[in-house]
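>>> Sequence first, predicted coordinates after that:
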Amino acid sequence: PTMSNNEKNQNKKYEYLDHTADVQLHSWGNDLKEAFEQQIYALFDYITELDAINFDDSLDSTIEVEGTDLENLLYVFMDEFLYKFCTEGFVCKHVQITELDREKFRIKAAARGEKFSRKTHPIGTEIKAITYSNLQIHEKDDRVDIYVIVDI
């Protein structure tokens, strides 16, 4: 015999609970370059543990991105690293911005790391997307603070 909808609802022993599906990454540095680099470290330390990442010289790469303004440049920069992780499994241990053009909103950076492996890298939290939500860059004379919310 099939159950009526009322009987099904009485047997229901589950519910949907809202939960926070994002986390805010806060990085800082003595200048904009360092604060941008620290955002990349925050990103990969959340995905796995930076200490567990080694260098595979064959995967050394240059990241070049352009944006429409400083906030967009940060977004595109972080998104490029997340894309490399999602498509190639690349986890970054070291990033060095070699060029940061504040007028043309361009970044060139050297990235070093290796391919993600469940055997050697602890599994942290998957980051699904970088967001513009409440993205902030605060520049002072001797310190830059950056806040980026990512979807998890």
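Received, thanks.

>>> Could you list the low-confidence segments of the protein?
1-10, 17-19 (pLDDT under 70).

>>> Show me what the strand ranked longest in it packs onto, helices and strands only.
Determined from DSSP state E, the single longest strand within the chain is strand 90-101. Helices and strands touching strand 90-101, by 3 or more Cβ pairs under 8 Å, 6 or more residues apart in numbering; DSSP states H and E, are helix 32-47, helix 70-88, strand 106-115. Using the backbone N, CA and C atoms, a C-beta is placed for each residue, glycine as well.

>>> what about the last one, distance to the chain center?
So that's strand 106-115. 13 Å (Cα atoms, centre = their mean, to the nearest Å).

>>> Could you identify the helix or strand that succeeds it?
strand 129-130 (DSSP states H and E).

>>> roughly how far is that following strand from the heart of the chain?
With Cα atoms, centre = their mean, you get 6 Å for strand 129-130.

>>> do stretch 13-32 as well
Counting by Cα atoms, centre = their mean, stretch 13-32 comes out at 11 Å from the chain centroid.

>>> what's the span of that stretch from first residue to last?
In stretch 13-32, first residue to last residue: 51 Å (Cα to Cα, to the nearest Å).

>>> re earlier: can you give me the buried ones in the longest strand of the chain?
90-93, 95, 97, 100 (16 or more other Cβ atoms under 10 Å).
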